[in-house]
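Q: Turn this into a model:
(one chain, ligands or ions: 1)
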Amino acid sequence: GQTDYLYYQELDSTNNRARVLASEGYPEGTVVVADMQTAGRGRRGRSWYSPSNQGIYMSVILRPVLPLKEISRISLLTAVAVAETFEEELNLPARIKWPNDILINDKKVAGILSEAVTDMDGIEYIVVGIGMNINNQLQGFPGDFRTAATSARAEDARPVSRVKVLQGLLARLESHYLDLLAGSFEGTLKKGKSLSVAIGQELRLDTINGFLVGKAIDIDENGFLLLRDQSGIVHTIISGEITILPL
Ligand code: BTN
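A: I've put the predicted structure just below:
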């Protein structure tokens, strides 16, 4: 559809900027991109390493008319679009670590931070923020991340055009999102399951309420993780952080 595309050389965080624009009434589809972020944010209060000229840092404003319980579908479809972009634009074997880390060869190459603002009628808007490590050299990463993170460049050595990757990403995001709004989430869900590294694995799940150990048996139609604990009870997990356990 018609898109407002806003490019900045530097922002604190594209999510912060997009939230301000959304609250000022900017329409669905508004895309905020920055060459670098001085305070890129990750999930659970972490920061996102955002050097100039290397990664893609972008946020999109969505105003979906959806029941609240279906909102996690947006998280899953974003992860699918990002993974497909690495696979199809860059020929790299990306996988999804539920709910929305993107891995290549077991290292994190991209992350997603979705922030929903609700009002009396439900969801007012969602800001979906995506950070992708593209041309980064790994020695540049802060020490904590160096072993756990990767970039397209580190996996494949060829420098690539961030603009081309971004275009590929936006096209896939739009297509999965329009499918969702049209009531056909099936294909996206199927793709998400097949790209997921969690299904079938024993894992530890950490949430704000504590932790669970069990086997991930499926992702349900809303994008929730189904985890069977040692006593056989199946838990429906809306959010949290998983660690796949070695066998
Ligand atoms: C995570 O894996 O913890 C999520 C990382 C999300 C990073 C992106 S970069 C663009 C957008 N703006 C932010 O401040 N964060 C997201």
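Q: who's the closest residue to the ligand within the chain bridged to?
A: The minimum distance from the chain to the ligand, using CB to the nearest ligand atom, falls at G111 (2.1 Å). Where you see a C-beta, it was placed from the backbone N, CA and C, and this is true even at glycine. Here G111 sits in beta bridges with D101, G131, as judged by DSSP bridges.
Q: so it touches K97, yeah?
A: No. The criterion here is CB atoms under 8 Å, and G111 misses it with K97 at 9.9 Å.
Q: intersection of neighbour lists for these two?
A: Both G111 and K97 lack any common contacting residue under the criterion CB atoms under 8 Å, 6 or more residues apart in numbering.
Q: and the chain, which residues reach the ligand?
A: Proximity of the chain to the ligand, by CB under 6 Å from any ligand atom, involves residues 13-15, 37, 40-43, 46, 48, 57-59, 101, 111-113, 129-131.
Q: Selecting buried members of those residues in PyMOL, what would you type?
A: To isolate the buried ones among these in PyMOL, judged by 16 or more other CB atoms under 10 Å, type:
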select buried, resi 13+14+15+37+40+41+48+57+58+59+101+111+112+113+129+130+131
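Q: In strands, which of the residues of the chain next to the ligand appear?
A: 37, 57-59, 101, 111-113, 129-131 (DSSP state E).
Q: And those, which is closest to T30?
A: Nearest to T30 among these, counting by CB to CB, is S59 at 8.8 Å.
Q: Who are the contact partners of that closest one?
A: If you count contacts by CB under 8 Å, 6+ apart, S59 has them with 14-15, 17-18, 31-32, 127-130.
Q: Please name the bridge partners of it.
A: When bridges are taken as DSSP bridges, the partners of S59 come out as V32, G129.
Q: Roughly how far does the spatially most distant residue from the centre of the chain sit from V213?
A: Relative to the centre of the chain, and counting by CA atoms, centre = their mean, the farthest-placed residue is S231 at 31.7 Å. Using CB to CB, to the nearest Å, one gets 11 Å for the distance from S231 to V213.
Q: thought L90 was touching R162?
A: No. When contacts are counted by CB under 8 Å, L90 is not listed as touching R162 (11.3 Å).
Q: Quick check: which ranges of the protein have low pLDDT?
A: 1-3, 146, 157 (pLDDT under 70).
Q: In it, mark out all the strands, start to finish.
A: Taking DSSP E to define them, one finds strands in the chain at 5-11, 31-37, 55-62, 94-97, 101-104, 107-119, 122-133, 202-207, 210-219, 225-229, 234-237, 241-244.
Q: how about the first one: buried residues?
A: With burial defined by 16+ other CB under 10 Å, the residues of strand 5-11 counted as buried are 6, 11.
Q: Spit out the contact partners of L247.
A: Contact analysis of L247 by CB under 8 Å, 6+ apart lists E202.
Q: follow-up on the earlier one: from the strands of the chain, which stretch is densest packed?
A: When the strands of the chain are scored by mean count of other CB atoms under 10 Å, the highest mean neighbour count falls to strand 55-62 (a mean of 25).
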